[in-house]
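> sequence first, predicted model second:
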Amino acid sequence: MKLNLPEVGYLRLSQILNIIPISKSAWWEECRSGLYPKPVKLGPRTTAWRVEDIRDLMERINKESLYE
C-alpha cells in the first residue's frame, strides 16, 4: 500500500489514526511509554507528530510484523 505522506512536516492525530489502526487512548499510552514518538506542540491547543518519526514508526511496525 502506497501512502501519500509529505517528505517533511507534521501529522495530526486523526491523520495518524487513519494510517495506524489504534484507538486514541492506546496511541497516547504508547506515546507516554516511549514506544511511539513524542508529540510536538504547535500551539496551545495543537499537537502534531513529525512525519519523519511516523515513517520510522511504520517501518519498525512492519519489521516487527515480519518476525511474528
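Structure received. This structure is a prediction, so every number in the text was calculated from the model and none was measured. Numbers count the residues shown, from 1 in each chain.

> strands along this structure, start to end?
In order along the chain, the chain carries the following strands (DSSP state E): 10-11, 40-43, 46-50.

> let's have these in a markdown table, adding mean neighbour count and mean pLDDT.
The C-beta positions use only the backbone N, C-alpha and C, and glycine is treated the same way. Shown next, in a markdown table, are the strands of the chain (neighbours: other CB atoms under 10 Å; pLDDT from 0 to 100):
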| stretch | mean neighbour count | mean pLDDT |
| --- | --- | --- |
| strand 10-11 | 18 | 97 |
| strand 40-43 | 10 | 97 |
| strand 46-50 | 16 | 98 |
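
> now distance to M58 too, for those strands, in JSON lines please.
Conversion of the strands of the chain to JSON lines gives the following (distance: least, CB to CB, whole Å):
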{"stretch": "strand 10-11", "distance to M58": "11"}
{"stretch": "strand 40-43", "distance to M58": "18"}
{"stretch": "strand 46-50", "distance to M58": "12"}
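
> Y36 contacts W27, doesn't it?
Yes. Between Y36 and W27 a contact is recorded at 6.6 Å, counting by CB atoms under 8 Å.

> higher neighbour count, these two?
Y36 (22 against 17; other CB atoms under 10 Å).

> and the residue nearest to the more buried one when sequence neighbours are not counted, what pLDDT?
In this structure, Y36 finds its nearest non-sequential neighbour in E30, 4.1 Å apart by CB to CB, 6 or more residues apart in numbering. Among the per-residue scores, E30 shows a pLDDT of 97.

> also E59?
pLDDT recorded at E59 is 92.

> got the contact list for the most centrally placed residue in the chain?
What sits nearest the mean C-alpha location of the chain, by CA atoms, centre = their mean, is I54, with 4.1 Å. I54 is in contact with 5, 11, 16, 19, 37, counting by CB atoms under 8 Å, 6 or more residues apart in numbering.
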